[in-house]
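A.B. asks: Predicted model follows, preceded by the sequence.
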Amino acid sequence: MDIESFVTGFVSNGGWLLLLFVLLVVVVLASVRIVPQSQKYVVERFGKLRSVLGPGINLIMPFFDRVAHKISILERQLPTNSQDAITSDNVLVQVETSVFYRIIEPEKTVYRIRDIDAAIATTVAGIVRSEIGTLELDEVQSNRAQLITRIQGALEKVVDDWGIEVTRAEILDVNLDEATRAAMLQQLNAERARRAQVTEAEGSKRAVELNADAELYAAEQTAKARRIAADAEAYATGVVAQAIAENGLEAAQYQVALKQVEALTAVGSGDGKQTILLPAHALEAFGDAFGLLKGRK
């Protein structure tokens, strides 16, 4: 059987319908693209960018368009990178960093950069050295969160042309060489000793101040007591003076006689039996005193 007779027999038997169906199936399969949720497809037409297909069912021109790149849009983490940097106070540190990013514009990532991971790692290393070079070692240790923010901001400006979004940048560790570490430890011990001495000196100063305050308080209380006694004595003197002014010499003599009698009573109230010798004029004085007291009664 020759080819012409085979084709004539196939067409006459309805084979062309089957051929048409097969052709239709091939066209449909070639024009429909189902994109997963975690990916985007870059479509080219004759080697030139035609479109970017998002998740779901998409239609393309069969036999003219082709899916050139399938790009994952999931967040990615770069391997931990370590680079040396010098602070503004000339201390060599080794910084370990990690960067998280995701592709948001695949057409830029595909056509503008070849190795995106290597490019980001190199860019991060340069930015870290630049940012740490503006800070002293103490600032690097204490302001790590601020440093991370500055690194992430600078990185976002650089990678914008690559169609990616930097979601997170982390400084995992800042390591020092042994010589610097030993010097810092010595400085830390010296600072602790200085603080201890300052605390001890402040305690001694406070003790002296409290002691002085106590002595001042005691002196004030003594002076106050003396002032009260002086006031009482002055009051008593004033009372005697007023009595003398009102009653004349008789009041003064009465007070003197009273004192003499009190003195004689105190001498005679001893535990033993005393013999008291008094001059004659003393006896006369005591007699006058008893007379005055009797007269006052």
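C.D. replies: Structure received. Everything quoted here is computed from the prediction, not taken from an experiment. Numbering: from 1, shown residues only.

A.B. asks: Let me know whether V91 touches V174 as I believe.
C.D. replies: No - the pair formed by V91 and V174 falls short of the contact definition of Cβ atoms under 8 Å, at 10.2 Å. All C-beta spots, glycine's among them, are computed from the backbone N, C-alpha and C.

A.B. asks: From Y235, how far off is Q77?
C.D. replies: According to Cβ to Cβ, to the nearest Å, Q77 and Y235 sit 95 Å apart.

A.B. asks: quick one: which of these two has more around it?
C.D. replies: Neighbour count, other Cβ atoms under 10 Å: between Q77 and Y235, Q77 has more, with 13 against 10.

A.B. asks: Let me see the contact set for the more buried one.
C.D. replies: Residues in contact with Q77 (Cβ atoms under 8 Å, 6 or more residues apart in numbering) are S98, V99, F100.

A.B. asks: Who wins on neighbours among those?
C.D. replies: V99 (24 neighbours).

A.B. asks: hmm, back to that, check the contacts of Q77 against V128 and report the nearest one.
C.D. replies: Ranked by distance to V128 (Cβ to Cβ), the contacts of Q77 are led by V99 at 10.5 Å.

A.B. asks: In a helix, that closest one, correct?
C.D. replies: No - checked against DSSP: H, G, I helix; E, B strand; the rest coil, V99 lies outside a helix; its state is strand.

A.B. asks: So it sits against A169, correct?
C.D. replies: Yes - if you go by Cβ under 8 Å, V99 and A169 touch, sitting 5.2 Å apart.

A.B. asks: This structure: helices as residue ranges?
C.D. replies: 3-12, 15-31, 106-112, 116-132, 137-142, 144-159, 178-247, 249-268, 280-296 (DSSP state H).

A.B. asks: other SSEs contacting the shortest one?
C.D. replies: I take that to be helix 137-142. Contacting helix 137-142 under the criterion 3 or more Cβ pairs under 8 Å, 6 or more residues apart in numbering; DSSP states H and E is no other helix or strand.

A.B. asks: Can you give me the buried ones in that helix?
C.D. replies: L137, E139, V140 (16 or more other Cβ atoms under 10 Å).

A.B. asks: Now tell me which of the helices of the chain the model trusts least on average.
C.D. replies: Among the helices of the chain, helix 280-296 carries the lowest mean pLDDT, at a mean of 51.

A.B. asks: ok now do I120, which residues does it touch?
C.D. replies: So I120 contacts L78, V99, Y101, L155, V159, I164 (Cβ under 8 Å, 6+ apart).

A.B. asks: swap that for A119, please
C.D. replies: Counted by Cβ under 8 Å, 6+ apart, A119 has contacts I113, V159, W162.

A.B. asks: and the first one, how many neighbours?
C.D. replies: The tally of other residues near I113 (other Cβ under 10 Å) stands at 17.

A.B. asks: what sits against it?
C.D. replies: By Cβ under 8 Å, 6+ apart, the contact set of I113 is A119, W162.

A.B. asks: Now it. Its backbone dihedrals?
C.D. replies: Main-chain dihedrals, I113, degrees, to the nearest 10: phi -140, psi 140.

A.B. asks: Tell me how far it lies from K157.
C.D. replies: 16 Å.

A.B. asks: Give me the most central residue, this protein.
C.D. replies: S142 (9.3 Å; Cα atoms, centre = their mean).

A.B. asks: one step back: could I get the contacts of I120 in a markdown table, plus columns for distance to E107?
C.D. replies: Below are those laid out as a markdown table (distance: Cβ to Cβ, whole Å):
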| residue | distance to E107 |
| --- | --- |
| L78 | 22 |
| V99 | 22 |
| Y101 | 17 |
| L155 | 21 |
| V159 | 15 |
| I164 | 12 |
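
A.B. asks: Which of those residues are buried, as a PyMOL select command?
C.D. replies: Of the contacts of I120, the buried ones can be selected in PyMOL as follows, counting by 16+ other Cβ under 10 Å:
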select buried, resi 78+99+101+155+159+164
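
A.B. asks: coming back round to it: between the contacts of Q77, which is nearest F21?
C.D. replies: The closest of these, once distances to F21 are taken by Cβ to Cβ, is F100, at 49.9 Å.

A.B. asks: how about R168, what does it touch?
C.D. replies: Applying Cβ under 8 Å, 6+ apart, the residues near R168 are V99, F100, Q152.

A.B. asks: please redo it, this time with the cut-off set to 6 Å
C.D. replies: Residues in contact with R168 (Cβ atoms under 6 Å, 6 or more residues apart in numbering) are F100.
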